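[1] heads up, no residue letters with this:
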């Protein structure tokens, strides 16, 4: 049994690779710093030993191969030891292609938003139809309980991340995947720590299009102007989708404002209606992309409908964690203004006049910077109340750090409801304390963070339970 050691194993991608390697028959170990759920629980359930600090001693006995997470850089003690000892190493993307994708049919989902949910939906649809796909997803789909599975057929569904690959490979991860079917879901500026502007990201997507063979397939979101332009660079045939459009191959027509009821049309002919629990136009678009992909590959419409309506969702995507005294607390991974706005809009359409609170931890490299300074307040405008934590500098100078005070002041302009509508707080601990003293029956609270956020959900649960039990 070959031994694979993963440096930075608690990242969603690397934890998924750990699962694939273990399923493939490798002995897997790993290490990371700042371990928190759900990945720590995921790895424990798989029986994968996890060291919570980086130490050269973690490489004893020497592994046969090392996978290096993209957050790992020179100076890491394990990486330095591996280089000094000449232990073979790979990036996650390279290992995935060599051990899983090569010789199969990779279905790669790309875009600034919705990748995880759309990839999970496609995997669920294929599983419902008995296609036995493998998958590699940057989250935990509730349908499967894990983010990666080795394929039992030619089909492999992959979340195509445009972030860079490793300290020695600065290409986007998705360039390693060589898609046979490529979903172009949307394109906006993101990852300001590695891309100077939107054009730099466009270049990488154009390179990706060159990898799709002429007998492959592009599935493109025609609602997105960037995607319409990008699709003009395709060498493979293009299938289009969009909402309430007559110029696309597949369209969705909304039957309710909250997005829970919609109909899917192909070439102006209604195929079926979807009734599900997911909120918002963005989720309809995710479902439409998944349906278009599977229908194009000749899945029966009845199977597509069944898979969509039975889809359970993804952890940390507007996931309701608990409700006490009709106060509903949600966990959401959104860390881009567009994703925030669509998530809030979906919940507001559902709950009507009830108050919606949004708590934001600007944690990602892009959100901590001023890349989205002007977009953040408009994205949060539909919320009734907003709490913003001060971002950690982590190398950013004050003039490059997100100015949360200005965001809060913008949201408070023209508000005359007593206490300020938006407030700046220090951390998740202070947020939980403030919410405990201000929440009322019927309130809905979306906690937006891509990290652990000081255990805010558990803190809030415990404090509310003391009050209302």
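    Thanks, I have the structure now. All figures in this text were calculated on a predicted structure; none of them were measured in a lab.

[2] nearest residue to the middle of the protein?
    residue 116 (4.5 Å; CA atoms, centre = their mean).

[3] name the element that residue belongs to?
    helix 115-128 (DSSP states H and E).

[4] quick one: the strands in the stretch 1-150 of the chain?
    3-7, 27-31, 50-51, 65-68, 89-91, 105-110, 134-136, 148-149 (DSSP state E, counting those that start in this stretch).

[5] redo the ones you listed as JSON lines? Include mean neighbour count.
    Heads up, the C-betas are built off the backbone N, CA and C, glycines and all. Listed next are these as JSON lines, based on neighbours: other CB atoms under 10 Å:
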{"stretch": "strand 3-7", "mean neighbour count": "23"}
{"stretch": "strand 27-31", "mean neighbour count": "22"}
{"stretch": "strand 50-51", "mean neighbour count": "18"}
{"stretch": "strand 65-68", "mean neighbour count": "24"}
{"stretch": "strand 89-91", "mean neighbour count": "20"}
{"stretch": "strand 105-110", "mean neighbour count": "26"}
{"stretch": "strand 134-136", "mean neighbour count": "26"}
{"stretch": "strand 148-149", "mean neighbour count": "24"}
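
[6] quick check: which of these is nearest to residue 176?
    Distance to residue 176, taken as CB to CB, is lowest for strand 89-91 among the strands of the stretch 1-150 of the chain, at 7.5 Å.

[7] who does the closest one pair up with?
    Here strand 89-91 is paired, per DSSP bridges, with strand 65-68 (parallel).

[8] starting at the chain centroid, how far to the partner strand?
    Relative to its chain's centre, strand 65-68 lies at 24 Å (CA atoms, centre = their mean, to the nearest Å).

[9] tell me the mean pLDDT over it?
    Here strand 65-68 scores 97 as its mean pLDDT.

[10] from what I can see the residue nearest to the centre of the chain touches residue 136, true?
    No. The pair residue 116 / residue 136 is not scored as a contact, 11.0 Å apart, by CB atoms under 8 Å.

[11] can you verify my assumption that residue 183 contacts residue 109?
    Yes. Here residue 183 reaches residue 109: they are 4.5 Å apart, a contact under CB under 8 Å.

[12] what residues are shared contacts of those two?
    Residues touching both residue 183 and residue 109 (CB atoms under 8 Å, 6 or more residues apart in numbering): 118, 122, 289.

[13] ok, now which ones touch the residue nearest to the centre of the chain?
    Counted by CB under 8 Å, 6+ apart, residue 116 has contacts 137-139, 159, 314, 317, 333.

[14] same thing but 6 Å
    137-139, 159, 314 (CB atoms under 6 Å, 6 or more residues apart in numbering).

[15] which of those residues count as buried?
    Restricting the contacts of residue 116 to buried positions leaves 137-139, 159, 314, with burial counted as 16 or more other CB atoms under 10 Å.

[16] out of those, which one has the lowest pLDDT?
    For pLDDT, the smallest value among the buried ones among the contacts of residue 116 belongs to residue 139: 84.
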